[in-house]
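Student: structure, please.
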Amino acid sequence: MIKTYKLKDVEFGNGWTDYVENRWEYKQFIDNKDWREGWISFDCCYYHKDSKSLFLGVTSFDGDIFYEFDVKTKEFVNMGFKKIGNPYDAKFHRSLCYHPQTETLYAAVALLHCTDRYKEAPGGAVVAASVDGKRLEKLSVPIPHVYIQACDIDIANNKLYLQFFTPEYIGEFDLCTREFRLLGLAGSGIGGMAQGQNILVDKEGNLWGAWCLTRAWQDKPGKDVNRIFIKKAHEPEITWLNFGLPYSDGEYGYNKADAFFELGDDHHIYVSDVKGSLYRISKETYQVDFLFNPVPYGKGRFSAMIKAANGDVYAAVGKDEDCQIIKVNLCEGTYEKVCSLQDQNGIVCRQIHHMTEGPHGILYCCENDNPKRSSYLWEIDLR
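Tutor: Residues are numbered from 1 along each chain as shown. Predicted structure coming up:
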């Protein structure tokens, strides 16, 4: 059974192609009530088992970016972010983390505005919230005027790792002292956006992410510029690895990383690329193995994958209204299709950005960037 839940439900028809795409600037979205309030995305999620609540990071030009979804009543609850927000606070992208010892949710604020607003936009904040909704506060703006695209938590050391945009700084934020330390810069922009959808702290406390060469002496940096980095748990600085995700056809070059996953494997992490392929990377030797591409090559998104409580691994793949849930066999490096993402009313999903598991093995998937309508929260009950 597949159902959709609608925080907003605004239809835009052909507006995206007729007058928005490659024409509008930030001000046009702000001035148009339908697009400002109705064109939302679900970008990240975290399920809190004790409260049976699904917490959601939302993209909205209106700045209403933090919600709870009650999985029993199927109702959305506004967490009240606009009370502490700034008009330029536009989303929690891939940045909802939970600290079980302090029972606190942490998030970070990302942007939608362009660089002409750089000086007037104050910067992305690190945000703390209690699951009961009684606490919601901004802890710090680590870098003035710069926003935070992703974060992940190192529970053992009480710190958040942060991936910024723009520029693409990487840093760490101490949750006890609220001090920030800059670790480096993932890219210069000459080769495009360097970072993927997220950064990953593995269970050993290592930080994984993507970076990009500059080659300032060339007009174009080349097809091997997209690389992987690691900051080892007990080392103070990032190791900028000199390899990426190799082309699956054997041609020289590296595909850009899209998302990083840890799935209970002691020896590997898993990384998808922007063409919809999945790779496995050894934590010890850094060997990269191509596993598979479940969608037509170059036409897929593969940014959401989880290991369920029963040990099964599920991913949401595809884009452009051709999406599916697949079940992944990590040992064999294979997959099988579970279902297409079409709800009981015939609504099809544009693409999935993040997913989690709720009660009874039910999957919750965050749809984003749908140009035709408000994005929906998807519920997939595989029982």
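Student: and for the protein, the residue most distant from the center?
Tutor: Centroid-distance maximum for the chain: Trp217 at 32.5 Å, with C-alpha atoms, centre = their mean.
Student: confirm that one sits in a helix?
Tutor: No. Read with DSSP: H, G, I helix; E, B strand; the rest coil, Trp217 is coil and lies in no helix.
Student: could you tell me how far it is located from Ile190?
Tutor: Here Trp217 is placed at a distance of 11 Å from Ile190 (C-beta to C-beta, to the nearest Å). The way it works is simple: take the backbone N, C-alpha and C, and place the C-beta from them, glycine included.
Student: likewise for Leu241?
Tutor: 20 Å.
Student: swap in Cys339?
Tutor: Plainly put, Cys339 is 41 Å away from Ile190 if you go by C-beta to C-beta.
Student: who has more neighbours out of those two?
Tutor: Taking other C-beta atoms under 10 Å, Cys339 and Ile190 do not tie; Ile190 has more neighbours (16 against 13).
Student: let me know whether the more buried one touches Gly222 as I believe.
Tutor: No. Using C-beta atoms under 8 Å, Ile190 is not in contact with Gly222, being 10.6 Å away.
Student: phi, psi of the residue farthest from the centre of the chain?
Tutor: Main-chain dihedrals, Trp217, degrees, to the nearest 10: phi -80, psi 0.
Student: distance check, the closest residue to Glu120 other than its chain neighbours against His234.
Tutor: Nearest non-adjacent residue to Glu120, counting by C-beta to C-beta, 6 or more residues apart in numbering: Tyr88, 7.8 Å away. Distance, Tyr88 to His234, by C-beta to C-beta: 37 Å.
Student: the two: which is more packed in?
Tutor: With neighbours defined as other C-beta under 10 Å, Tyr88 and His234 compare such that Tyr88 has more, 21 against 9.
Student: from Met355, how far off is Tyr47?
Tutor: In terms of C-beta to C-beta, Tyr47 sits 10 Å off from Met355.
Student: what touches both of these two?
Tutor: Tyr364 (C-beta atoms under 8 Å, 6 or more residues apart in numbering).
Student: between those two, which one's more packed in?
Tutor: Neighbour comparison, Tyr47 and Met355: the larger count goes to Met355, with 21 against 18 (by other C-beta under 10 Å).
Student: secondary structure class of the more buried one, three-state.
Tutor: Under three-state DSSP, Met355 comes out as strand.
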